[in-house]
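*Asks:* Predicted structure and sequence below. I'll ask about it afterward.
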There are 2 protein chains.
Amino acid sequence: MSPQSIAVVGATNRPNSVGLAVFNNILKGGYQGVLYPVNPRAKSVQSVKAYPSLTDIPDEVDLAVIIVPAKAVCSVLEEAGQKQIKGAIIITAGFKEGGGSEGIKLENQLKEVAKKHGIRLVGPNCLGVTNNAGDVRMNASFATKMPKPGNIAFISQSGALCTAVLDFAEGRDVGFSKFISFGNKADVSEIDLLRYLKDDPDTDVILMYLEDISNGREFLETAREITWETRKPMLAIKSGRSAEGARAAASHTGSLAGSDSAYDAIFHQSGILRVEGIDELFNQAIAFAQQPIPRSNRIAIITNAGGPGIMATDAAVRHDLKIASFTEETKQKLKENLPPTASVNNPVDVIGDATHERYESSLRHILNDDNVDGAIVILTPQAMTDIKETAEVIPQVAAETDKPVLCSFMGVADVSEGIRHLEKKHIPNYSFPESAVRSMAAMARYGGLMSLDRRRVRRMAADRDTASVIISNKLTDKDSYYMPEKEANEILQCYGFPVLKSVLIKNESEVDEAAEEIVFPAAMKICSSDIIHKFDAGGVKLKIKTVEQARKAYKEIIENAHKFDPSAKIDGVIIERMAKRGVEVILGAVRDPEFGPICMFGLGGTFVEAIKDVTFRLAPMWEVSAEIMIRKIKAYNILKGVRGTPPSDIDAIKDCLLRLSQMLSDNPEIAELDINPLIVYSEGNGCVVADSRILLKTCQKSSSEENEPAVEEVNEKEFAMI
Amino acid sequence: MSPQSIAVVGATNRPNSVGLAVFNNILKGGYQGVLYPVNPRAKSVQSVKAYPSLTDIPDEVDLAVIIVPAKAVCSVLEEAGQKQIKGAIIITAGFKEGGGSEGIKLENQLKEVAKKHGIRLVGPNCLGVTNNAGDVRMNASFATKMPKPGNIAFISQSGALCTAVLDFAEGRDVGFSKFISFGNKADVSEIDLLRYLKDDPDTDVILMYLEDISNGREFLETAREITWETRKPMLAIKSGRSAEGARAAASHTGSLAGSDSAYDAIFHQSGILRVEGIDELFNQAIAFAQQPIPRSNRIAIITNAGGPGIMATDAAVRHDLKIASFTEETKQKLKENLPPTASVNNPVDVIGDATHERYESSLRHILNDDNVDGAIVILTPQAMTDIKETAEVIPQVAAETDKPVLCSFMGVADVSEGIRHLEKKHIPNYSFPESAVRSMAAMARYGGLMSLDRRRVRRMAADRDTASVIISNKLTDKDSYYMPEKEANEILQCYGFPVLKSVLIKNESEVDEAAEEIVFPAAMKICSSDIIHKFDAGGVKLKIKTVEQARKAYKEIIENAHKFDPSAKIDGVIIERMAKRGVEVILGAVRDPEFGPICMFGLGGTFVEAIKDVTFRLAPMWEVSAEIMIRKIKAYNILKGVRGTPPSDIDAIKDCLLRLSQMLSDNPEIAELDINPLIVYSEGNGCVVADSRILLKTCQKSSSEENEPAVEEVNEKEFAMI
């Protein structure tokens, strides 16, 4: 990122060529090191002495920027290796991005050559890299614009997007510390870049445009270090939300978990704020880059017009901000400084004829109020409005506190001078109050994240060895195996889940004896690895109250099962005490081929499925993550207790989620799992597993997990996954 | 709106005054009529001869624009009356908007004077009125900017917002036919303005900023005429969403219906698209003003960069658009015109080096595909991109079809020349694909609305007289009365609702006889107007299977009820057949003091309450409205049938909603109502009311309803409320 010398291979004087554009950007961008053009057919490029090849350059070279045709790239890279160049940026396209076998082959060759020589590679198929640090000032890209210096880093998987973003950023007066297009990431990935940006003193805020993540686990690890160690806010656009492939799934959870849930979980757990569009990305980035993070979400609004004040209030409520209630003292002070028709409640309406003095005193009183965490100042250009003076006092008052202040001087032309002054003083301005509110809300959300209790993964007592033996026995002669409830419960029991005592009845003569061990009313269910949907098979009988009924039920269940699937291997019928009624929730898990084990939580019933009201987190997770998973479902109110029903035992659910998280980390063979329902009782009365199923598969360890430390070590780490 | 002559009362030469601003705006705005300044202390204003008072003007005056201090306004209006002036715009503030008693008094006086003289009044407390029609060209406002001519009308309850919007519109090159700030609407309201705009030949699209609606019924009536007769799209911001007052409610429905639900219902039923912010308002307005409405929601995307294409796809899916599947023919044609690495699926990636020819042929083939209803063209400025030429071919190709084309030439400076050309040719451009997609989605939604089946209100057979008698009997000696299930069902039965047969048991000795009339298993419930929440009172026993059990249940229920509320007047206990299991839904109603009867629909259970998954519509409603109410809940999937359960009898629910709608229209005394649950069976098997309650109140006719035609006439009208 900070080379002392750069060679541009493919630099040329040919007009409108990428080779010229890149060379000129470095040359004219004020690069602080030495620049060498490499071109076998030119004596000089832009008056700078050219060399026929890299190896012809007499001095040491730190970085090669390569723009030659795709087929020639490998040999250039070979030369770079011989020259002992440590880094390369490959601008050239025509590799795996096209999807053709030729391109993929070329890219693999590229990787091999780079690996052989220990060269770190950005690209291919990228716009290039810009480092605005004062002692580097390198614009090694073919962008038509040089980004302005600033404290925001932008990394993008799409080069074309970069050009549009640069153009847009110029209009918004946004400055960058680093601006990096990383293309096909044959070598350097978003994770490498995050590691670099983590320690980059010029970067305070990191923006990302991602189309995929190479290694979810590593990404998560790196990102959360940034969030909780260096505390640089990260905002990301992850596109391809709708590209979810249909996924064949045996479990309820499997059918609910799209690939995007894994991304959402990763972003949540690493403290990255996910945004939908570029507009929003920049609106929020500016706020993060220029203003302090609010302590909480209680905001004040000052306006000189009623309408925009109401619109801001609406937006605040919509985005989970609170409209602060002022203290009596604040209201008194506001009253003293405002005309009698002004509103001293929040939003504060300083009235259409407000001058800058009125804005100044109101803003000061409000920011001094302990009930206020941040302020939004709205100004509409009216007859008496002194826009410039108001723009001058706001930064002054804002500087007296450590609370964020965002502005919405509404309009374009009339307020432009005021906006320019605000921007100069690092007070973000938004054309409309809604955008200011959204940015404030993002900061408040981030602030809330920062304040989370960062406890270790709570290790739950577990008989890991027994579980491991049970699992490997099932997989000795097959690649995958579906564990029916009876067997699944055995594993769950090893991890301390509250399961019901059940007895397996293998033939009719065993019914009486089994029934004796169970408290009536009882449930009876078919037990077969070949029958996944027990209800559909007529394999469940509930509310059995006598031994006689149990005998009848046994016969019927066996008959139904044979009818349903004559080839099914049937282990028998289990009988267990009927669980008492309570709130039904579902706990689930899937193992993503890329990201490893992911836990799911939601309320039970078809309703949940219909509206997909579930949350996901990667395992292992922090204790606080389990809590957030529960709190973040839309129907959380039901667990809190509605309409006179008592609150549910949320701690018991949390324990189960942590047990699940641990079980998944310990046993990579668990591919899918449903605990559906887990019946939850009122506070203090725990919960019970009323049905469960587990799908086992061999070799389910994801590529990302291979380099992970053993689970015992994970628990010793300061950071687990929130 | 089109005066031949205007008098500006309070016109002055004083710099920076509103009086000067308004006068100058009319004078210099190219007004086509005669302008008179009125000022007792000036001989001329801006070189135009001034008159001391309105009555001193020798000629006829059509419109008075009044800018004198609040206290002097009434006497000026008196003069206007004497002068037989027909219209007035009162710019002056200081009336009821301050909330003070003095201001309210002044405004009432104003109304009286205007009424006495038959003067129509805009304002007070407004920015003024602009009419850009070529033969008028009146800018009777103190805005610092004259809006450009165009086919969009903007009406706003907030004056301050107008100034900001004008400033913004100038930057976006948006033109207006009318630009009207209507302030406190002492006389002319949004409804009057809508009536005017309906027939205004210069207006194709109507934008509104509203803080309240004066008369919901009339507003609805007027707006839906615009939607379904003159077919001018309307977009509205209604602020104050979060200002919902807490409302004491006896019914489930009452607690779910906030005041905002009524607004949402009004907008839905009148075809107005509700938007959140000004940005969105304009983004969508431009699309509606310049492009045809798509036939359906299948869109095609063309892009020269992968990333933005994926982002557009994500946004499309998020906003309920479909990514069109091209015919094989289209794919073949695309293939012929594109390089082999290009994608001929949707989105079509014409690759980074695309020239305008590639864009042109791709767009043409796509728009010719019958599977495509509209196209979004994305362009990122890259090395080979010929921006200007591409901007030239797009409008040409678009003009060949009647399908909408929206562009996203990304960035600001680089693409500015292209954007200017697109704008000139009326192809809307958006800096980011998301905004283009959102606008397309709004158009598709509107198109869907337009295509709705506009049937009359379906009159259901009903015994209206009996219902009316039952209701009035209950209210003979009180203002409000809570009807328990037994009585509520009698009313429901008059309107043809499927209710269960029930027998009221008044004392223990009647149990046996009553039980004989009922098919077991039965439900028994307390019947008392004083016990609203029967379950909480221990007043419900289910699954009664024998007469013996019924006797026991009777005793327990009576005992529980006495314990629960010793003062409750108890009618007895009802016994009825237990309804068979099915899907539980809730039908409800509230009567809004402003908007009249509103129907609610949702799925049953606490879950619905927790996530507020319900829809509202004003009664009376169209048949199609009932259908939309059912389809628009998030959990609609459940009614369609999930996981092997059969689809529910949606027609039966629809019938019930129409019966409910009619019952509410017929009986203004019904203040609140719950049918909870209505149990719905599989297709063709109907539904049954399993519990109900009705709250009656006298004088519940809302102010809006007073002028309504009788219900019989409503049914004859072409337009009912969708």
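*Replies:* Great, that's in hand.
*Asks:* For stretch A:311-327, buried residues please.
*Replies:* Under the neighbour-count criterion of 16 or more other Cβ atoms under 10 Å in any protein chain shown, stretch A:311-327 has A:311-317, A:319, A:321, A:323-324, A:326 buried. The C-beta positions use only the backbone N, C-alpha and C, and glycine is treated the same way.
*Asks:* Likewise for stretch A:338-353?
*Replies:* Applying 16+ other Cβ under 10 Å to stretch A:338-353 flags A:338, A:342-344, A:346-352 as buried.
*Asks:* ditto for stretch A:486-503
*Replies:* For stretch A:486-503, a neighbour-count test (16+ other Cβ under 10 Å) marks A:486-500, A:502-503 as buried.
*Asks:* Point out the residues in the stretch 51-200 of chain A that sit beside chain B.
*Replies:* A:93, A:97-100, A:142, A:144-145, A:156-161, A:163-168, A:170-171 (Cβ under 8 Å from any Cβ of the partner chain).
*Asks:* now the residue sitting nearest the centre point of chain A, what's its secondary structure?
*Replies:* Residue closest to the average C-alpha location in chain A (Cα atoms, centre = their mean): A:Phe267, at 1.1 Å. For A:Phe267, the secondary-structure state derived from DSSP: H, G, I helix; E, B strand; the rest coil is helix.
*Asks:* Could you pull up the residues touching the residue lying closest to it once chain neighbours are set aside?
*Replies:* Closest residue in space to A:Phe267, ignoring its immediate chain neighbours: A:Arg274 at 4.7 Å, by Cβ to Cβ, 6 or more residues apart in numbering or on different chains. A:Arg274 makes contact with A:235-238, A:263-264, A:267, according to Cβ atoms under 8 Å, 6 or more residues apart in numbering or on different chains.
*Asks:* go with 7 Å
*Replies:* By Cβ atoms under 7 Å, 6 or more residues apart in numbering or on different chains, A:Arg274 lies in contact with A:236, A:238, A:264, A:267.
*Asks:* Among these, which one is most surrounded by other residues?
*Replies:* Compared across these, A:Lys238 has the highest neighbour count, 24 neighbours, by other Cβ atoms under 10 Å in any protein chain shown.
*Asks:* Tell me the pLDDT of that one.
*Replies:* pLDDT for A:Lys238: 88.
*Asks:* Include distance to B:Ala523, pLDDT and secondary structure when you put the buried residues of stretch A:338-353 into CSV, please.
*Replies:* Shown next, in CSV, are the buried residues of stretch A:338-353 (distance: Cβ to Cβ, whole Å; pLDDT from 0 to 100; DSSP: H, G, I helix; E, B strand; the rest coil):
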residue, distance to B:Ala523, pLDDT, secondary structure
A:Leu338, 62, 91, coil
A:Ala342, 59, 83, coil
A:Ser343, 54, 83, strand
A:Val344, 56, 88, coil
A:Asn346, 50, 92, coil
A:Pro347, 52, 92, coil
A:Val348, 56, 94, strand
A:Asp349, 56, 91, strand
A:Val350, 61, 92, coil
A:Ile351, 61, 85, coil
A:Gly352, 62, 82, coil
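*Asks:* quick check, nearest of the residues you listed to chain B?
*Replies:* Closest approach between the buried residues of stretch A:338-353 and chain B, by Cβ to the nearest Cβ: A:Gly352, at 6.2 Å.
*Asks:* give me every residue that touches the closest one.
*Replies:* By Cβ under 7 Å, 6+ apart, the residues touching A:Gly352 are A:304-305, A:382, B:160.
*Asks:* Please, a PyMOL command that selects the buried ones among those?
*Replies:* Buried residues within those, by 16+ other Cβ under 10 Å, are selected in PyMOL with:
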select buried, (chain A and resi 304+305+382) or (chain B and resi 160)
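*Asks:* In helices only, show me the contacts of A:Gly352.
*Replies:* Among the contacts of A:Gly352, the ones falling in helices (DSSP state H) are B:Ala160.
*Asks:* A:Val22 versus A:Val76, what's the distance?
*Replies:* Using Cβ to Cβ, to the nearest Å, A:Val76 is found at 14 Å from A:Val22.
*Asks:* Pick out whichever of the two has more residues nearby.
*Replies:* Per other Cβ under 10 Å, whichever of A:Val76 and A:Val22 has more neighbours is A:Val22, with 27 against 23.
*Asks:* Now do the SS call for A:Asp314.
*Replies:* Secondary structure for A:Asp314, judged by three-state DSSP, is helix.
*Asks:* quick one: which of the contacts of A:Gly352 is nearest to B:Lys43?
*Replies:* A:Gln382 (30.1 Å; Cβ to Cβ).
*Asks:* Hmm, A:Ala93 is touching A:Gly123, no?
*Replies:* No - between A:Ala93 and A:Gly123 there is no contact under Cβ atoms under 7 Å: 8.8 Å.
*Asks:* These two: who's more crowded?
*Replies:* Between A:Ala93 and A:Gly123, counted using other Cβ under 10 Å, A:Gly123 has the larger neighbour count: 29 against 22.
*Asks:* That one and A:Ala143: what is the separation?
*Replies:* To A:Ala143, A:Gly123 is 14 Å away according to Cβ to Cβ.
*Asks:* tell me which element A:Thr476 is part of?
*Replies:* Assigned by DSSP states H and E, A:Thr476 belongs to neither a helix nor a strand.
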